[in-house]
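Asker: structure for this input, please:
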Amino acid sequence: MRINKAIKVGVLGVTLFSSSFIFSQTTQDPIVEAIVKEGTANSQLKNYAFELMDVIGPRLVGTPQMMQAHNWVKDQYIAMGLEARNEEYGTWKGWERGTTQITMTSPRLKSLEGTQLAWSPATKKQGVEAEVVLLVDAKNTTEFNSWLSTIKGKFVMISMHQESGRPDYQWKEYATEESYTKMTVARTAASKAWSQRLKNTGFTEKELPKVLEDAGAAGVIKSSWSGVMGANKIFGTDTNKIPVVDLSLEDYGLLYRLAENGITPKVNINAQSKDLGTAKTYNTIAEFKGSEKADEYVVLSAHLDSWDGGTGATDNGTGIITMMEAVRILKTVLPNPKRTILIGNWGSEEQGLNGSRAFVADHPELHDKIQVVFNQDNGTGRIANISGQGFLHAYQYLSDWLYAVPTSFKQDLKTHFPGSPSGGGSDHVSFVSKGIPGFMLSSLSWGYGQYTWHTNRDTADKIVYDDIQNNAILIAILAYKASEQEELVSREKVVLPLNEKGERQQWPVSKGPKRKQE
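Answerer: Next up is the predicted model:
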């Protein structure tokens with residue numbers, strides 16, 4: 001799992017120097033000129049985005065929509081003239097989202113904004129109506145266990161109440177200094193108190209739904225506010241019988257205040273979904289075959305799966321369509337690349353980089369044949385940061401390749417060399433941990449962390465097409481230059497610095513994939 005991928009570059013700070021590529025080239029490669037022309041004049045990004053985000057929709061691992069996305073992506077590559085396949089690597093829980101209708105029926109009638117979490121069990125067709133109660137403020141686990149006997153047939157609220165639904169930047173801009181200080185002190189105290197309330201149950205918020213299910217609750221209500229108006233984080237649940245729903249901050253607050261003040265609200269939750277048993281999991285792999293060094297590879301990497309509160313537009317639909325567009329451009333202007341360009345459209349990144357880890361585990365024969373991996377997975381902004389990931393000579397080959405990129409396509413780009421190897425965050429880690437040069441092409445934020453990362457607002461209208469068009473052209477040039485380089489690049493690693501304990505930091509350990517849901 002990850003957050004703020006757009007800004008977490010070179011976190012360990014092994015940066016010898018940074019540079020901003022703002023110079024102009026005196027000569028231009030005709031292939032680069034053709035890439036720019038094709039990417040500018042004939043962009044297919046909007047068409048790809050429409051089909052993937054609006055028509056297919058969210059791509060939660062184990063759902064029919066995920067399988068539909070695999071097949072659609074594969075067919076698009078085949079239509080380009082590439083070899084493409086769906087590569088099976090495991091299984092996951094099969095599930096399909098249906099409609100969610102949440103209605104407060106007492107003390108008044110009101111439709112509530114919310115949705116069931118991924119893998120939530122369905123209710124009966126008419127829904128389930130029950131009283132709503134707050135998670136008990138128990139002094140200890142004994143008191144909590146005693147309270148569990150009182151919740152049979154009730155909905156239980158398990159998230160902290162947000163006193164203010166205004167984002168912090170509004171408080172800073174408009175409130176008096178005294179008012180802002182008062183709010184932050186109160187919010188900190190409330191957060192601390194709620195954390196203690198959870199701790200006193202003996203369980204985490206993630207574990208509580210199963211505990212409440214076993215105690216006979218009718219369902220669980222939560223609210224994972226992102227910190228900005230209208231956006232909630234939508235994840236999953238592992239209950240087997242009762243629904244778990246996420247409510248908007250506003251409607252969660254309404255129910256909470258009613259319950260807290262002794263006016264017990266009633267809610268009807270009608271959550272329809274389908275348990276589809278077990279589904280196979282895949283990576284979609286496409287190959288633009290090389291010529292004289294066809295057994296060596298330049299890898300374009302992006303994950304196809306998403307959470308399903310929105311439609312996975314910026315996490316990571318934009319990464320997928322950018323890589324699709326980059327290779328489409330290359331196929332149009334570069335009929336015979338020196339090396340094979342392999343596009344990895346990974347499954348189940350959101351559950352632990354499972355798709356890319358499976359690919360690395362299942363293809364040891366490729367490890368020494370991969371020139372470089374370019375990974376894109378952090379929103380819709382222009383690529384602005386590249387870290388050397390601890391590869392000692394990355395500054396040389398990345399700088400050489402970036403030199404070929406026209407200034408207008410890299411004006412925001414900064415590099416950090418040699419950087420330090422990422423231990424998590426996105427699919428490049430699966431390769432870096434094996435000593436394969438893999439680089440995160442990190443983008444400008446556009447409010448990614450709060451507005452769209454795993455939220456119900458991650459939809460196609462958040463895509464900034466000028467920026468991802470810029471990215472597709474830049475990546476196509478980098479892939480072209482990496483493919484044409486005479487020799488495989490150096491994999492020599494930097495000596496990592498000491499940590500706060502005075503111990504030498506170690507290269508991240510390669511982890512295997514989860515091949516089934518546990």
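Asker: hey, which helix is longest across the chain?
Answerer: With DSSP state H setting the assignment, residue counts place helix 177-201 as the longest helix in the chain.
Asker: just confirm residue 278 is within a strand.
Answerer: Yes - for residue 278, which was evaluated using DSSP: H, G, I helix; E, B strand; the rest coil, the result is membership in a strand.
Asker: what is the burial count for it?
Answerer: Each residue near residue 278 was counted by other C-beta atoms under 10 Å, and the total is 12. Backbone N, C-alpha and C define where each C-beta goes, glycine included.
Asker: for it, list each beta-bridge partner.
Answerer: Applying DSSP bridges to residue 278 yields these beta-bridge partners: residue 93.
Asker: mind listing what it touches?
Answerer: Residue 278 makes contact with 91, 92, 93, 94, according to C-beta atoms under 8 Å, 6 or more residues apart in numbering.
Asker: for it, give its distance to residue 94.
Answerer: Taken as C-beta to C-beta, to the nearest Å, the spacing of residue 278 relative to residue 94 amounts to 6 Å.
Asker: do you know the pLDDT at the nearest residue to residue 52 once chain neighbours are set aside?
Answerer: The spatial neighbour of residue 52 that comes closest, neighbours along the chain excluded (C-beta to C-beta, 6 or more residues apart in numbering), is residue 317 at 5.4 Å. Residue-level confidence at residue 317 comes out at 98, pLDDT.
Asker: try residue 458
Answerer: Residue 458 is assigned 98 on the pLDDT scale.
Asker: that one - how many residues pack around it?
Answerer: By the other C-beta under 10 Å criterion, the neighbourhood of residue 458 contains 30 residues.
Asker: on that earlier part again, buried residues in the longest helix of the chain?
Answerer: Within helix 177-201, the residues that qualify as buried by neighbour count (16 or more other C-beta atoms under 10 Å) are 183, 187, 194, 197, 198, 200, 201.
Asker: just name the closest of these to residue 299, please.
Answerer: Compare each of these with residue 299 using C-beta to C-beta and the shortest gap goes to residue 198, at 41.9 Å.
Asker: so what's residue 458 closest to, chain neighbours aside?
Answerer: Nearest non-adjacent residue to residue 458, counting by C-beta to C-beta, 6+ apart: residue 310, 3.5 Å away.
Asker: oops, could you answer that again for residue 240 instead?
Answerer: residue 121 (6.3 Å).
Asker: wait, isn't that neighbour in contact with residue 238?
Answerer: No - taking C-beta atoms under 8 Å as the definition, residue 121 is not a contact partner of residue 238, at 10.2 Å.
Asker: on that earlier part again, does the residue nearest to residue 240 belong to a helix, a strand or coil?
Answerer: Three-state assignment for residue 121 (three-state DSSP): coil.
Asker: what of residue 156?
Answerer: Under three-state DSSP, residue 156 falls in the strand class.
Asker: same question for residue 300.
Answerer: For residue 300, the reduced secondary structure class is strand; criterion used: three-state DSSP.
Asker: list the contacts for residue 371?
Answerer: Contacts for residue 371 were tallied using C-beta under 8 Å, 6+ apart; they are 296, 297, 298, 339, 437, 482, 483, 485, 488, 489.
Asker: in CSV: those, plus pLDDT.
Answerer: Putting the contacts of residue 371 into CSV (pLDDT from 0 to 100) gives the following:
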residue, pLDDT
296, 98
297, 98
298, 98
339, 98
437, 98
482, 98
483, 98
485, 97
488, 98
489, 98
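Asker: in strands only, show me those.
Answerer: For those, the ones inside strands are 296, 297, 298, 339, with DSSP state E as the criterion.
Asker: mind listing the helices for this structure?
Answerer: Residue ranges of the helices in the chain, as given by DSSP H, are 30-41, 45-49, 64-80, 141-147, 168-174, 177-201, 208-214, 249-260, 318-333, 354-362, 394-403, 428-432, 465-484.
Asker: need those in CSV (columns: distance to residue 233).
Answerer: What follows is the helices of the chain, written out as CSV (distance: least, C-beta to C-beta, whole Å):
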stretch, distance to residue 233
helix 30-41, 34
helix 45-49, 23
helix 64-80, 20
helix 141-147, 25
helix 168-174, 17
helix 177-201, 16
helix 208-214, 16
helix 249-260, 11
helix 318-333, 19
helix 354-362, 20
helix 394-403, 34
helix 428-432, 22
helix 465-484, 23
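Asker: now stretch 320-338: how far from the chain's centre is it?
Answerer: The offset between the C-alpha centroid of stretch 320-338 and the centroid of the whole chain comes to 24 Å, using C-alpha atoms, centre = their mean, to the nearest Å.
Asker: between the buried residues of helix 177-201, which is nearest residue 76?
Answerer: Comparing the buried residues of helix 177-201 against residue 76 with C-beta to C-beta places residue 198 closest, at 45.5 Å.
Asker: before we move on, back to that, what does the longest helix of the chain rub up against?
Answerer: Counting by C-beta under 8 Å, 6+ apart, helix 177-201 makes contact with 135, 137-141, 143-144, 160-161, 163-164, 171-172, 175, 204-205, 208, 211, all of which sit outside it.
Asker: okay, the closest residue in space to residue 105 that isn't next to it in sequence: pLDDT?
Answerer: Among residues not flanking residue 105 along the chain, residue 266 sits closest, at 4.8 Å (C-beta to C-beta, 6+ apart). According to the per-residue confidence, residue 266 scores 98 in pLDDT.
Asker: mind listing what residue 266 touches?
Answerer: Contact partners of residue 266, counting by C-beta under 8 Å, 6+ apart, are 104, 105, 106, 129, 130, 131, 132.
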